[in-house]
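Q: Dropping the sequence and predicted coords here.
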Amino acid sequence: MNTTEIQFDQLAADIAQDLLHIGAVALRPKQPFTWTSGIKSPIYCDNRLTMSYPEVRERIADGFATLIHRLYPDAEVIAGTATAGIPHAAWVAQKLNLPMIYVRDKAKGHGKENLIEGQLQSGRKVVIIEDLISTGGSSIKAAQAVRANGAEALGVIAIFTYQLDRAAAAFADAQVPLHTLSNYGALAEQAMKAGAITTEELELMQSWRKDPSAFGQ
């Protein structure tokens, strides 16, 4: 493991701690949440709360900027996904002094009926910022919208991922690279260290990660 990998492992732990501390993550391994998709889950994550904590959002923006410098040094445009990715994209675009756009979940129903807001020129290299990866559908749709407008979607970067296999498969199928600042495994580890979950609950969380469809049945 090189120095950069160690630094990003520490960042993943730090952001996981932040999400737990501000209440952006709720853990209920024994009383699972039900997502809109119908998936039963021991975790619910609302990264919109990070907007209200300057120190946390700054750590996230710095992490994104570092990741872009490392992976996509030729990025020309920062794109946010509507709605939760928009503020983070704005902070990162400001840090990097790059143009910003955002991608709607569907085209506006009036006026020019835009799907992409802001100026996106053909051939531009775009990094897409998302707050949370569950199944990956909305992020992939945003990347496809960028491509449909003649630009190049370099990849998606997000604050957090549940690390579901179906999401990894979806990004691979769409040929959209995905990188995140923190993840489910790092969060479970930090929750255990903080005493937020028991060993039994950690095992339940790990079982969900292996087979979400069987969880809570």
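A: Done, it's in. Numbering: from 1, shown residues only.
Q: what about the strands in the chain?
A: 25-27, 33-34, 40-41, 43-45, 77-81, 100-103, 116-117, 125-133, 152-161, 178-183 (DSSP state E).
Q: Nearest spatial neighbour of K106, chain-adjacent residues omitted?
A: Spatial nearest neighbour of K106, chain neighbours left out: L115 (7.2 Å); criterion: Cβ to Cβ, 6 or more residues apart in numbering. Bear in mind the C-beta positions are built from the backbone N, C-alpha and C, glycine included.
Q: Report the buried residues of stretch 83-94.
A: A84, G85, I86, P87, H88, A89, A90, W91, V92, A93 (16 or more other Cβ atoms under 10 Å).
Q: sorry, back to before: include mean pLDDT and mean neighbour count when you put the strands of the chain into CSV, please.
A: As requested, the strands of the chain are exported to CSV (pLDDT from 0 to 100; neighbours: other Cβ atoms under 10 Å):
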stretch, mean pLDDT, mean neighbour count
strand 25-27, 96, 18
strand 33-34, 93, 13
strand 40-41, 92, 18
strand 43-45, 96, 19
strand 77-81, 98, 27
strand 100-103, 98, 23
strand 116-117, 95, 18
strand 125-133, 98, 25
strand 152-161, 98, 24
strand 178-183, 97, 21
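Q: So which of the buried residues of stretch 83-94 belong to helices?
A: Among the buried residues of stretch 83-94, the ones falling in helices (DSSP state H) are G85, I86, P87, H88, A89, A90, W91, V92, A93.
Q: Could you pull out the helices in the protein for me?
A: Going by DSSP H, the chain shows helices at 3-21, 54-71, 85-96, 137-148, 165-174, 184-193, 199-210.
Q: Which among those is found nearest to L154?
A: helix 54-71 (8.0 Å; Cβ to Cβ).
Q: Do I have it right that L120 meets A151?
A: Yes. Look at L120 against A151 with Cβ atoms under 8 Å: they come within range, at 5.4 Å.
Q: okay, and the common contacts of these two?
A: Common contact partners of L120 and A151 (Cβ atoms under 8 Å, 6 or more residues apart in numbering): V77, V126.
Q: where in the protein is pLDDT low?
A: Residue ranges of the chain with pLDDT under 70: 1-6, 108-113, 216-217.
Q: residue contacts, the most centrally placed residue in it?
A: A centroid search over the chain (Cα atoms, centre = their mean) returns A158, at 2.6 Å, as the residue closest to the centre. For A158, the contact set (Cβ under 8 Å, 6+ apart) comprises G85, I129, E130, D131, L132, I133, S139, L178, H179, T180, L181.
Q: Over to S122?
A: N149, G150, A151.
Q: repeat for I197
A: Contacts of I197 by Cβ under 8 Å, 6+ apart are L27, P29, A188, A191, M205.
Q: give me the number of residues near the last one?
A: By the measure other Cβ atoms under 10 Å, the count of residues near M205 is 22.
Q: Is it correct that it is in contact with P32?
A: No. M205 lies out of contact with P32 (Cβ under 8 Å); the separation is 10.3 Å.
Q: shared neighbours of the two, which are they?
A: P42.
Q: With distance to P99 as extra columns, can I get the contacts of A158 in CSV?
A: Shown next, in CSV, are the contacts of A158 (distance: Cβ to Cβ, whole Å):
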residue, distance to P99
G85, 16
I129, 13
E130, 18
D131, 20
L132, 24
I133, 24
S139, 20
L178, 22
H179, 21
T180, 23
L181, 22
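Q: Alright, I will stop here.
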